[in-house]
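1. got a structure for you, letters missing:
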């Protein structure tokens, strides 16, 4: 009996130690299995493929390794013209996206909640959405000229349609019985929108916002490529025509990083508002 007691006493510290180690390892293992770790792993894998692929291809006129492009990025962001172009891109993106968000949200609710307006206008919206906007860029240049206005307008037209289509889809998913019940109980229009419509629109709205943000950025870059002599899009075209792939890939990586960060910010905002919705 005394021996059994001594064995249990000896095992107790060992069990406590192993338990502490398991607790310490748990956060590390959970982080490695998290979606963020997976995303970072995919990005790292892409950078490695880029680095070794460029070195194997070994043509400095058409391909540059990731490390060289990163060094070039640190150099070109010290250029005052590039810094101005980056600043212009972000304020034009913000303005165009806010315009697309508010107009898409308001018009989307107006079209989506009412069945008659949905049947009348939604097919027209889809038809215009399917139209390749790059074909009307010359017409927009004639209307708005070559300058910041054309970039904001082209960014707005690209971001507007993903938002309005998703808002309409979200509004269509609202149970009409909820609206009828709220009206019968004397709820005001503002209460109906605040308590019923907006909470049901949160998932669809943020899906549209994430798609719309990327599309808005695309529209601005396209306008800079084809309709202006300034901006990040213009510099990417210039570096491509000058056979400077290290500078070209540096700017492309900058644009991609901006899109990823903005998308992640919207995803976190969606998580926050989803808690409010629930």
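-> Done, it's in. Bear in mind that the values here come from a model prediction, so they are computed numbers and not experimental data.
2. residues contacting residue 150?
-> 140-141, 144, 223, 227-228 (CB atoms under 8 Å, 6 or more residues apart in numbering). C-beta coordinates here come from the backbone N, C-alpha and C atoms, glycine included.
3. quick one: buried residues of the helix or strand containing residue 46?
-> Using DSSP states H and E, residue 46 sits in helix 35-57. Going by neighbour count (16 or more other CB atoms under 10 Å), the buried part of helix 35-57 is 47, 50-51, 54.
4. before we move on, the earlier item: how about the contacts of residue 150, which pair is most distant?
-> Farthest pair in the contacts of residue 150 (CB to CB) is 140 and 228. Separation: 11.9 Å.
5. list the buried ones in the helix or strand encompassing residue 165?
-> Per DSSP H and E: residue 165 is located in helix 148-172. By neighbour count with 16+ other CB under 10 Å, helix 148-172 contains the buried residues 148, 150-171.
6. same question, stretch 190-206
-> Quick answer for stretch 190-206 (16+ other CB under 10 Å): 192, 196-206.
7. wait, which of the residues you listed is closest to residue 63?
-> The closest of the buried residues of stretch 190-206 to residue 63 turns out to be residue 206 (CB to CB; 37.3 Å).
8. residue 40 versus residue 260, what's the distance?
-> 11 Å (CB to CB, to the nearest Å).
9. repeat for residue 128
-> Distance from residue 128 to residue 40, by CB to CB: 39 Å.
10. tell me which helix or strand the residue nearest to the spatial centre of the chain sits in.
-> Using CA atoms, centre = their mean, the residue of the chain that lies closest to the mean C-alpha position is residue 263, 2.6 Å off. Remark: residue 263 resides in helix 245-277, with elements defined by DSSP H and E.
11. and the angle from that helix to helix 35-57?
-> Relative orientation of helix 245-277 versus helix 35-57 (axes from the mean of the first three to the mean of the last three CA atoms, to 10 degrees): 170 degrees.
12. centre of the chain to helix 245-277, how far?
-> Centroid separation between helix 245-277 and its chain, computed with CA atoms, centre = their mean, to the nearest Å, is 5 Å.
13. now do that helix: which elements does it pack against?
-> helix 66-76, helix 198-226, helix 232-241 (3 or more CB pairs under 8 Å, 6 or more residues apart in numbering; DSSP states H and E).
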